[in-house]
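Asker: when you get a sec, could you give me coordinates for this:
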Amino acid sequence: MKVLVIQGPNLNLLGKREEEVYGGVTLEEINSELAEVGKQLGVEVRSFQSNHEGEIVDEIQRAPAEDYNAIIINPAAYTHTSIAIRDALLAVKLPYYEVHISNIFAREEFRHRSLISDGASGIVTGFGTVGYMLALKGVSRHLDIIKKEGGK
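Answerer: Numbers count the residues shown, from 1 in each chain. The predicted structure is shown next:
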């Protein structure tokens with residue numbers, strides 16, 4: 001089983017920016033923990049981060065050809081603005097799971113709307129960086145269930 005984790009803009013600054021919102025954990029630490037949890041679950045995890053919308057779209061579009069079974073995505077600010085990322089996620093027909101470190105519904109009004117959520121197979125928001133591990137465990141279990149039921 002292969003899962004692609006995509007991180008949106010400014011998440012490369014985790015551990016340095018707005019620690020009261022995002023905590024002190026770095027993106028490298030998150031990626032390392034995801035890889036370790038993935039090994040425990042028998043899931044190959046590859047992480048990708050970009051501050052550029054088009055690069056994120058390209059990465060999503062490559063996922064099926066690289067035999068990924070699912071995508072975990074924190075689109076960050078693009079959550080609220082990117083129809084291109086939404087369209088790419090829907091076009092590739094892979095289950096995807098949206099993650100947010102903070103509770104976007106407890107923040108500024110403009111963050112309450114996600115252009116990504118309605119097509120997501122699952123959403124984790126407000127659990128800090130542990131939300132990524134929750135998402136990965138959920139994805140693994142969800143894909144196991146789909147496989148047992150005869151799905152892709």
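Asker: Gly24 against Gly15, yeah?
Answerer: Yes - taking contacts as CB atoms under 8 Å, Gly24 lies within contact range of Gly15: 5.4 Å. The C-beta positions use only the backbone N, C-alpha and C, and glycine is treated the same way.
Asker: looking at the two, which one has more neighbours?
Answerer: Neighbour count, other CB atoms under 10 Å: between Gly24 and Gly15, Gly15 has more, with 16 against 10.
Asker: check contacts around the more buried one.
Answerer: By CB atoms under 8 Å, 6 or more residues apart in numbering, the contact set of Gly15 is 23-27, 29.
Asker: just the pLDDT for the most centrally placed residue in the chain.
Answerer: Compute the mean C-alpha point of the chain, and by CA atoms, centre = their mean the closest residue is Ile73, 1.9 Å away. Ile73 carries a pLDDT score of 98 in this model.
Asker: could you look up the SS state of the nearest residue to it once chain neighbours are set aside?
Answerer: With CB to CB, 6 or more residues apart in numbering as the criterion, Ile73 has its nearest non-adjacent residue at 4.4 Å, and that residue is Ile6. With DSSP: H, G, I helix; E, B strand; the rest coil as the basis, Ile6 sits in strand.
Asker: what's across from Ile6 in the sheet?
Answerer: Beta-bridge pairing for Ile6 (DSSP bridges): Phe48, Ile73.
Asker: correct me if wrong: it contacts Glu59.
Answerer: Yes - at 6.0 Å, Ile6 counts as touching Glu59 under the criterion of CB under 8 Å.
Asker: tell me, what's touching the two both at once?
Answerer: With CB under 8 Å, 6+ apart, Ile6 and Glu59 have common neighbours Phe48.
Asker: looking at these two, which one has more neighbours?
Answerer: Ile6 (25 against 20).
Asker: can you tell me how far that one is from Gly128?
Answerer: Remark: distance between Ile6 and Gly128 (CB to CB, to the nearest Å) = 19 Å.
Asker: if we can go back for a sec, make TSV out of the contacts of Gly15 and add pLDDT and secondary structure.
Answerer: Listed next are the contacts of Gly15 as TSV, based on pLDDT from 0 to 100; DSSP: H, G, I helix; E, B strand; the rest coil:
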residue	pLDDT	secondary structure
Gly23	59	coil
Gly24	75	coil
Val25	88	coil
Thr26	94	coil
Leu27	95	helix
Glu29	94	helix
